[in-house]
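Visitor: Build me a model from this:
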Amino acid sequence: SSNSSSSSNKNNSNSMKSKRSKNRASSNTSSGVEAGAGVLSRKAKLVQLLLSPAVQSKPALELAEEPAKLSEAQVTAVFTKYVPKVKEFFFRGKPGQPSLKFLVSAYRSGLQAFRGTELEKHLIWCIRFVVHQGHNRRPDVGRHLIEVAEAFTECQAVQARAIEKAALAMLGVAPDFREALVKLVGDYKGIALKMLAYERVALGLARDFDAVPTHYENRLTADLGPFIGANPEDIRRSLLDGHAASRFPVMVEPEAAEVAARCRELFDLDAVLQVFVGEVNSFSEKSDQASLASLFVRWLSTGEGVADERKHVLLDEDTLSRPDIDSNVALAVFEKIFLGAVDIAEDRQIRGIPVRKIFAESSLEVECEASFEADGDQSTGGSDFGTATSGLSSPGFFSAPSESGSEHTRQPPRSRSQSADGRQEIVFFDSSQAPGPRPSSPPTDSTEASAPTAVGEKRRKTDLSQAA
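Guide: Numbers count the residues shown, from 1 in each chain. Below is the predicted model:
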């Protein structure tokens, strides 16, 4: 009888636990669906803006004239040094058509398909500039020469794209943070156009007998580019594609607007955010000053978009020495940069702090907004309050070595000042002065996803190859 009673009590207890678990699951599912719908709405709103003329990169700088300085043997030596298997590359896989022969020819006289156009000299100077950088053994030239050499296994439209991209990347023109995001978005606009070309050919909406519909992609870029804010250099180059002009009719309104809407549907905002997260979280003291990670840190340090006293919630909790964000934070950053404000519910938090307050201009502005709400004032006008100037310095915030050689992960804050040689000193962030709670365990907010460990550039190349 005792055993039976004990068993009955245990069953009742398990039943109650099961009911509570089901209730919790039901509640979480309900709130999760609601939150998920909100995120989808935010993303749709952001995509509409990102794929519009309002978000378009600035026209690329024109290169100065680059005279031919190397012999054919020297040009060959540059490619064989940095692209060991270049002698195995053939134009469209055809024996007897080695890519190296065409690379040397392009260095000497440019691409035949662009002769007589406004891009003829530009492309000649671009490939010469890239080859000269290789001849001078520039440290980062290898990957650019590989991309150019691989492009010469495809048609001249692909070759022109790779040549121009490599040269402009190596010019070293450092964009600001917003422009770097625009360039990232521009890359994925190109992927969306590539996917659209494949889709329309597969559906029979266009006829292209090439295995890779590059010329139809150029037709779409030329016609839809102004609608979605494609990169200006991509539009210009596509307009000069003679094959695209002769094979496919120009797409005009209203068809162009409808197809542009489909392009927006194919645009992968999640992939853009993941690439951004990967690159930002890869930040270290060795990061290039023009990298997206360094530009994010510099933007964070200026106080332009994040309340100065709340920057710590976007850093790793242990050392506060590097960014540590996820795709939800990335979405908020994009909204702040392009929409001007974070479109998120008041109760959404990061480490116990409302997201809206994190991305406010300053604590003073947040307090004023709170007082306005308390007084019933619904005004949404701009604030004249300046931002705080204390906090993290550009270009980075690192731990400093102690006299014994160990690293101090938390240093007292120091004011910004100029050293004897004129360089700006690093300002360290003191975690003990950071307001708000610092939980010992990771946040449990269901809207926060873990950050990926892959570096963004690798992910971007993977996406490009998959689209192709």
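Visitor: If you tally nearby residues, what's the number for Pro232?
Guide: By the criterion of other CB atoms under 10 Å, Pro232 has 16 neighbours. In this view, the C-beta of every residue, glycine as well, is placed from N, C-alpha and C.
Visitor: so what's it scoring on pLDDT?
Guide: Looking at Pro232, its pLDDT is 88.
Visitor: wait, doesn't it sit right on Glu164?
Guide: No: under the criterion of CB atoms under 8 Å, Pro232 makes no contact with Glu164, lying 11.5 Å away.
Visitor: nearest residue to Leu196 other than its sequence neighbours?
Guide: Once flanking residues are discounted, Leu196 sits nearest to Cys263: 5.1 Å by CB to CB, 6 or more residues apart in numbering.
Visitor: what element comes up after the helix or strand harbouring that neighbour heading to the C-terminus?
Guide: Taking DSSP states H and E as the criterion, Cys263 maps to helix 255-266. Following helix 255-266 in sequence order, the next helix or strand is helix 269-281 (DSSP H and E).
Visitor: all helices for the stretch 251-400 of the chain, in order.
Guide: 255-266, 269-281, 292-302, 327-334, 355-358, 363-374 (DSSP state H, counting those that start in this stretch).
Visitor: ok, the residue nearest to Arg262 when sequence neighbours are not counted - contacts?
Guide: In space, and not counting its chain neighbours, Arg262 is closest to Leu196: 6.5 Å by CB to CB, 6+ apart. Counting by CB atoms under 8 Å, 6 or more residues apart in numbering, Leu196 makes contact with 220, 224, 259, 262-263, 266.
Visitor: so which of those comes closest to Val86?
Guide: Leu220 (31.2 Å; CB to CB).
Visitor: May I have whichever helix or strand that closest one is part of as PDB, with CA atoms only?
Guide: The secondary structure element spanning Leu220 is helix 214-228 (assigned by DSSP H and E). Once non-C-alpha atoms are left out, helix 214-228 reads as follows in PDB (Å, rounded to 0.1, in the frame of the first residue of the first chain):
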ATOM      1  CA  THR A 214      27.000  36.400 -67.400                       C
ATOM      2  CA  HIS A 215      25.700  38.500 -70.300                       C
ATOM      3  CA  TYR A 216      22.100  38.200 -69.200                       C
ATOM      4  CA  GLU A 217      23.200  39.000 -65.700                       C
ATOM      5  CA  ASN A 218      24.800  42.200 -67.100                       C
ATOM      6  CA  ARG A 219      21.500  43.000 -69.000                       C
ATOM      7  CA  LEU A 220      19.700  42.800 -65.700                       C
ATOM      8  CA  THR A 221      22.300  44.800 -63.900                       C
ATOM      9  CA  ALA A 222      22.100  47.600 -66.500                       C
ATOM     10  CA  ASP A 223      18.300  47.700 -66.500                       C
ATOM     11  CA  LEU A 224      17.500  47.000 -62.800                       C
ATOM     12  CA  GLY A 225      20.600  48.600 -61.300                       C
ATOM     13  CA  PRO A 226      19.000  52.100 -61.000                       C
ATOM     14  CA  PHE A 227      16.000  50.600 -59.200                       C
ATOM     15  CA  ILE A 228      17.900  48.600 -56.600                       C
END
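Visitor: what's the angle from the very next helix or strand once past that helix to helix 214-228?
Guide: On the C-terminal side of helix 214-228, the nearest following helix or strand under DSSP H and E is helix 232-239. Taking axes from the mean of the first three to the mean of the last three CA atoms, to 10 degrees, one finds helix 232-239 and helix 214-228 inclined to each other by 130 degrees.
Visitor: Can you name the next helix or strand after helix 232-239?
Guide: Next element after helix 232-239 (DSSP H and E): helix 242-247.
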